[in-house]
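Colleague: please work out how this folds:
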Amino acid sequence: MSHPPDRGVSRRSFLKGSAIAGIATTGLTAAAEAAELHRPPSELGPGEHEITLSINGKARLVKVETRTTLLDALRDRLDLTGAKKICDRGACGGCTVLVDDLPVNSCLMLAVDAVGCELRTVEGLADPADPKATHPLVQNFVACDALQCGFCTPGMVMSSLSCLERRGTPTEAQMRHDLSGNLCRCGTYGRVMEAIERTAKGEGGGR
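Modeller: A predicted model of the protein is given here:
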């Protein structure tokens with residue numbers, strides 16, 4: 001008895017292939033939807049977009065253009081004016097905030113690039129209703145008279161905080177390195193480092 005010629009695709013293999021293709025298509029669709037939900041902010045078009053920023057442990061909604069810097073979003077849209085707009089070119093450190101625990105010049109970072117990051121500003125270190133809840137580093141800045149005119153202080157505090165959290169008990173060389181991006185026209189670097197040392201030792205408040 002002669003057999004029909006092999007056409008290369010049986011009913012079973014066809015159904016099996018169709019099932020696999022269906023599963024693969026479903027998987028690709030789900031992956032595409034997930035990618036759409038987590039689309040990088042850089043793909044946003046012109047005009048304003050509502051984004052969510054996690055700032056000092058709270059989710060904050062804000063409308064920004066893709067060109068809006070994190071500094072301008074904080075100051076002009078969220079009324080968090082602790083970070084100072086001084087040089088606006090990343091040269092002075094007055095606008096330093098912590099992004100995922102690392103010091104960043106917020107004038108050089110786009111607000112949309114901060115989506116998904118944990119942001120901390122100097123406002124998160126103090127509680128106006130309870131002075132005792134203020135971070136010891138802030139207390140030591142006051143105790144050591146590391147303020148002077150105070151314009152660079154918020155950025156200096158945030159860089160100092162990063163130095164403490166990353167190094168524990170930093171050496172003078174490490175403090176100099178970590179504060180090198182923060183300029184103080186009043187020249188209070190020595191007192192700033194004294195404030196860091198006091199905080200590292202667990203001291204706080206007045207002398």
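
Colleague: what's around residue 150, how many residues?
Modeller: Using other CB atoms under 10 Å, residue 150 has 13 other residues around it. In short, each C-beta sits where N, CA and C put it, glycine included.

Colleague: export only the CA atoms of the helix or strand hosting residue 194, formatted as PDB.
Modeller: Secondary-structure element containing residue 194, defined by DSSP states H and E: helix 189-200. The C-alpha trace of helix 189-200 is given here as PDB (Å, rounded to 0.1, in the frame of the first residue of the first chain):
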ATOM      1  CA  TYR A 189      34.400  74.500  55.800                       C
ATOM      2  CA  GLY A 190      36.200  73.800  59.100                       C
ATOM      3  CA  ARG A 191      33.000  74.300  61.100                       C
ATOM      4  CA  VAL A 192      31.100  72.100  58.700                       C
ATOM      5  CA  MET A 193      33.600  69.300  59.200                       C
ATOM      6  CA  GLU A 194      33.300  69.900  63.000                       C
ATOM      7  CA  ALA A 195      29.600  69.400  62.700                       C
ATOM      8  CA  ILE A 196      30.100  66.200  60.800                       C
ATOM      9  CA  GLU A 197      32.500  64.900  63.400                       C
ATOM     10  CA  ARG A 198      30.100  65.700  66.300                       C
ATOM     11  CA  THR A 199      27.300  63.900  64.600                       C
ATOM     12  CA  ALA A 200      29.500  60.900  63.900                       C
END
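
Colleague: show residues contacting that helix.
Modeller: 136-137, 140-141, 143-146, 156, 160, 163-164, 168-170, 172, 175-176, 179, 184, 204 (CB atoms under 8 Å, 6 or more residues apart in numbering).

Colleague: try it again with 7 Å
Modeller: Helix 189-200 is contacted from outside by 136-137, 140-141, 144-146, 156, 160, 163-164, 168-170, 172, 175, 179, using CB atoms under 7 Å, 6 or more residues apart in numbering.

Colleague: quick check: closest non-adjacent residue to the residue nearest the centre of the chain.
Modeller: Among the residues of the chain, the one closest to the centroid is residue 99, at 2.3 Å (CA atoms, centre = their mean). The shortest distance from residue 99 to any non-neighbouring residue, by CB to CB, 6 or more residues apart in numbering, is to residue 117 (5.1 Å).
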